[in-house]
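**Q** what's the 3D shape of this:
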Amino acid sequence: MIRRYSVTVAGEKRAVELEELEQGWRVVVDGKERHLDVRAGQGTLGWLDGTTVVQAAVDGALPRPTVTLRRQVIPVEIADAREAIAAVVKDRARSAGPVTVRAPIPGRVVRLLVKPGDAVTSGKGMVVLEAMKMENEIRSPRDGVVKSVGCAEGAAVEAGQALVVVE
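**A** So this is what the prediction gives:
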């Protein structure tokens, strides 16, 4: 299973993919792939990168974890890729002007929970979309008023199709 993260190390953002292999890990940082043999101990982390052995002390108990590498303390922030994407979407939603809420996946509209003119708050359900026999509630990204609804109950929608406009 490949896990994706947004990692901020010493103020610089990096896109990281991790995949556990039979022996070691496949690590992709900003598109550069490496295969590492990683060993974790109590408060330490060591890895073999080619012929270079690297060891680091890890303190995850702080409000922001740190890694001490070659006597340098480095602050680290780790966010699951989905959390990082959600944060970007939320920031964009706070900006002025109308926001178009789109279908994240293809599916069928089961229920409309809003109509034009309805006031909505951030996180309020607006559309229930069925995909792969699961119901997904599409929520408002911000407070506002529903300007228009671009779908109907029972209608099939494609990924990216406009569902509701909030202003």
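
**Q** Please count neighbours and contacts with C-alpha atoms only from this point.
**A** Will do.

**Q** Is the closest residue to V109 other than its chain neighbours in a helix, a strand, or coil?
**A** Excluding its sequence neighbours, the residue lying closest to V109 (CA to CA, 6 or more residues apart in numbering) is L129, at 4.6 Å. Of the three states, L129 takes strand under DSSP: H, G, I helix; E, B strand; the rest coil.

**Q** Was I right to think L129 contacts R108?
**A** Yes - with contact defined as CA atoms under 8 Å, L129 reaches R108; the gap is 5.6 Å.

**Q** tally of neighbours for V145?
**A** Using other CA atoms under 10 Å, V145 has 19 neighbouring residues.

**Q** which residue ranges form the helices in this protein?
**A** Secondary structure of the chain by DSSP state H: the helices cover 81-93.

**Q** Low-confidence ranges, it, go.
**A** Residues of the chain that meet the criterion pLDDT under 70 lie in 38-76, 78-96.

**Q** cutoff 50 now
**A** Counting by pLDDT under 50, the chain has low-confidence residues at 62-63.

**Q** Outline the domain layout of it.
**A** 2-81, 97-166 (automatic domain parsing).

**Q** Deepest in the core, which of those is it.
**A** domain 97-166 (a mean of 17; mean count of other CA atoms under 10 Å).

**Q** Endpoint to endpoint, that one covers what distance?
**A** End-to-end distance of domain 97-166 (CA to CA, to the nearest Å): 9 Å.

**Q** With stretch 159-167 instead?
**A** OK, stretch 159-167 end separation, CA to CA: 22 Å.

**Q** Tell me who's in contact with the closest residue to M132 other than its chain neighbours.
**A** Residue nearest to M132 in three dimensions, not counting chain neighbours: G107, with 7.7 Å by CA to CA, 6+ apart. Contact analysis of G107 by CA atoms under 8 Å, 6 or more residues apart in numbering lists 129-132, 156-159.
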